[in-house]
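Participant: When you get a sec, could you give me coordinates for this:
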Amino acid sequence: MRTLCQDSARNQPHVETYAHWLLSHGGEVRTAPSVPPRMVVVDRTQALVPIDPEDNRKGALYVTEPGILAALLDLFEQSWNTAVPLGATRPEDPRTGLSATERELLRLLGSGLTDDAAGQHLGSSSRTVGRHMSSIMERLGASSRFEAGIKAAHRGWL
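Facilitator: Residues are numbered from 1 along each chain as shown. Down below sits the predicted model:
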């Protein structure tokens, strides 16, 4: 069994407890700054995906169509291959000094998301997003987010 969680799960004791239980039973757990929508795939032949990704209480869609399954599996594999195993640390990019979370935050904000929306995507609060942005702005020598965006683009960070 392979489980992919957001990096923010590393700070949640109940998720970490579950992850270590899963690891002790032969499973694998990795984390990434952002993950694809929630899904459960069984034997590469069946999947469950939420009917409404914003509200899991609305139920799940049972998928067996090979074309849809192939797309879901490709999406998962792409995310899995760039994720970091639980217990390992995610190194900063030596070229930029950005963590994977900071790089994803810049991408999300650059696409027009608000702090709240970017925080939801990353599994963080808007205050955490603000702290990350303050750190990035300081490293860039930027006095505004707009200036930070321009400097980040010029440095190839976006």
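
Participant: going forward, measure contacts between C-alpha atoms and count neighbours the same way
Facilitator: Will do.

Participant: what distance separates the lengthiest helix in the chain from the middle of the whole chain?
Facilitator: Ranked by residue count under DSSP state H, the longest helix found in the chain is helix 66-82. What separates the centre of helix 66-82 from the centre of its chain is 15 Å, taken as C-alpha atoms, centre = their mean, to the nearest Å.

Participant: Which strands or helices does the least confident helix or strand in the chain by mean pLDDT pack on?
Facilitator: Of all the helices and strands that make up the chain, the one with the lowest confidence by mean pLDDT, DSSP states H and E is strand 84-85; it has a mean of 82. When contacts are defined as 3 or more C-alpha pairs under 8 Å, 6 or more residues apart in numbering; DSSP states H and E, strand 84-85 sits against strand 28-32.

Participant: and the angle from the longest helix of the chain to strand 28-32?
Facilitator: Using axes from the mean of the first three to the mean of the last three C-alpha atoms, to 10 degrees, one finds that helix 66-82 and strand 28-32 are set 80 degrees apart in direction.

Participant: rewinding a little: quick check: next helix or strand after the least confident helix or strand of the chain?
Facilitator: Using DSSP states H and E, the next helix or strand after strand 84-85 towards the C-terminus is helix 100-110.

Participant: Report the mean per-residue pLDDT for that following helix.
Facilitator: Per-residue pLDDT values across helix 100-110 average out to 84.

Participant: how about the CA coordinates for it, as PDB?
Facilitator: Extracted as PDB, the C-alpha positions of helix 100-110 are listed here (Å, rounded to 0.1, in the frame of the first residue of the first chain):
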ATOM      1  CA  ALA A 100       9.700  22.400  -2.200                       C
ATOM      2  CA  THR A 101       6.800  24.000  -0.200                       C
ATOM      3  CA  GLU A 102       8.100  27.500  -0.900                       C
ATOM      4  CA  ARG A 103       8.500  26.800  -4.600                       C
ATOM      5  CA  GLU A 104       5.000  25.400  -4.700                       C
ATOM      6  CA  LEU A 105       3.700  28.400  -2.800                       C
ATOM      7  CA  LEU A 106       5.300  30.800  -5.300                       C
ATOM      8  CA  ARG A 107       3.700  28.800  -8.100                       C
ATOM      9  CA  LEU A 108       0.200  28.900  -6.500                       C
ATOM     10  CA  LEU A 109       0.400  32.600  -5.700                       C
ATOM     11  CA  GLY A 110       1.800  33.300  -9.200                       C
END
